[in-house]
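In: dropping a prediction and its sequence here:
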Amino acid sequence: DEPGSRRLAYVGTDNLAAGRKMGELVAQAARGRGNVGVLIGTEQAENQRLRLAGFRAVIDGYPGLSVADVRATEISRLQAVQEAEDILTRNPQVRYMVGFSSLDGVGIVEAAGRLNRQDVRIYAFDDIADTVEAIADCRIESSIVQHPYEMGFQALSLFSGYKEGRTPGPRYFTSIDVLDRKSDDIGNGERCP
C-alpha cells in the first residue's frame with residue numbers, strides 16, 4: 001500500500017493485522033513473559049513497518065514480554081543469518097525470534113543451529129519451501145501466510161469493474177492464515193516434541 005502512488009485501490013495483506021497476529025502467537029507461546037528478537041526485511045518498506053507496529057502493539061500489552069532487538073535484513077537470507085546470530089549472541093536471554101520477511105525465518109533457523117540454540121522458538125512469514133520444511137521438522141513454530149492468488153484475482157476483478165465504470169474503494173484486504181504442524185498438509189495435526 002504505497003500512499004503516494006496513483007493506484008486505483010490497494011489489494012493485499014492487512015500488514016498491521018498480520019503483525020498483531022504474530023504478536024498473539026508469540027505472546028501465547030511465551031505465556032506473556034520473555035524476550036523476543038525481531039528481523040524485518042527493510043526499514044523503508046511500509047509493509048514491514050506496519051507488521052512491526054502491529055506486533056509491538058500486542059507485545060506492549062504484556063509487561064513481562066519485551067522486544068530485545070530489531071534488525072533489518074534487506075530481504076537477504078545471508079543477512080538474516082548474520083543479524084539473527086548477532087541478536088542471539090548479544091542477548092542470550094532471547095527465547096523467541098520473529099522474522100517478518102520471507103527469508104528471515106529460515107535465516108533464524110540457520111543462526112540458531114550455528115549457535116546450538118535449541119531453546120529458541122522461531123516464527124516466520126510466508127510459505128516458501130524451506131519454511132514449510134522447517135515447520136514440518138519442528139525448527140519453525142509457525143508462519144503467517146499471505147494469499148497472492150487471492151490478491152491477483154481480486155485486483156483483476158476490481159480492474160475489470162473499473163473498466164466497466166465501477167469505482168473501487170481504497171482498500172481490499174485479503175486473508176492470512178497461520179501455517180504450523182497442526183495444518184493438514186504439514187504435520188498431520190501432530191505437535192512438535
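Out: Structure's in. What do you need? Numbering: from 1, shown residues only.
In: where does this structure dip in pLDDT?
Out: 1-3, 184, 187-190, 193 (pLDDT under 70).
In: for it, which segments count as helices?
Out: Counting by DSSP state H, the chain has helices at residues 15-30, 46-59, 77-90, 104-114, 129-136, 148-163.
In: out of those, nearest to Ile176?
Out: Ile176 lies closest to helix 15-30 among the helices of the chain, at 5.3 Å (CB to CB). In this view, the C-beta of every residue, glycine as well, is placed from N, C-alpha and C.
In: if we can go back for a sec, now for the helices of the chain, which one comes closest to Ile122?
Out: Nearest of the helices of the chain (CB to CB): helix 104-114, 4.9 Å.
In: just to revisit the earlier point, how about the helices of the chain, which one is nearest Ala68?
Out: Among these, helix 77-90 sits nearest to Ala68 (CB to CB), with 6.9 Å.
In: count the residues that sit near Ser101.
Out: 25 (other CB atoms under 10 Å).
In: nearest spatial neighbour of it, skipping sequence neighbours?
Out: Gly41 (3.1 Å; CB to CB, 6 or more residues apart in numbering).
In: the one you found and Thr73 touch, don't they?
Out: Yes. With contact defined as CB atoms under 8 Å, Gly41 reaches Thr73; the gap is 6.1 Å.
In: touching both of these two, which residues are there?
Out: Ser101, Leu103, Asp104 (CB atoms under 8 Å, 6 or more residues apart in numbering).
In: correct me, but the second one touches Ile75?
Out: Yes. Leu103 lies in contact with Ile75 (CB under 8 Å); the separation is 6.1 Å.
In: show me which of these two is the more surrounded one.
Out: More crowded of Leu103 and Ile75, by other CB under 10 Å: Leu103, with 25 against 16.
In: out of everything not next to it in sequence, what's closest to that one?
Out: The shortest distance from Leu103 to any non-neighbouring residue, by CB to CB, 6+ apart, is to Arg77 (4.3 Å).
In: one more: Arg139?
Out: Per CB to CB, 6+ apart, closest to Arg139 is Val109, 4.9 Å.
In: so how far is Val81 from that neighbour?
Out: To Val81, Val109 is 9 Å away according to CB to CB, to the nearest Å.
In: and Gly152, by the same measure?
Out: Separation of Gly152 from Val81 (CB to CB): 31 Å.
In: got it, and Thr42?
Out: 16 Å.
In: which positions in stretch 91-109 come out as buried?
Out: Residues 94-109 are the ones in stretch 91-109 that count as buried (16 or more other CB atoms under 10 Å).
In: ok, the residues you listed vs Ile135, which is closest?
Out: Gly105 (9.0 Å).
In: since that was my last question, I'll sign off now.
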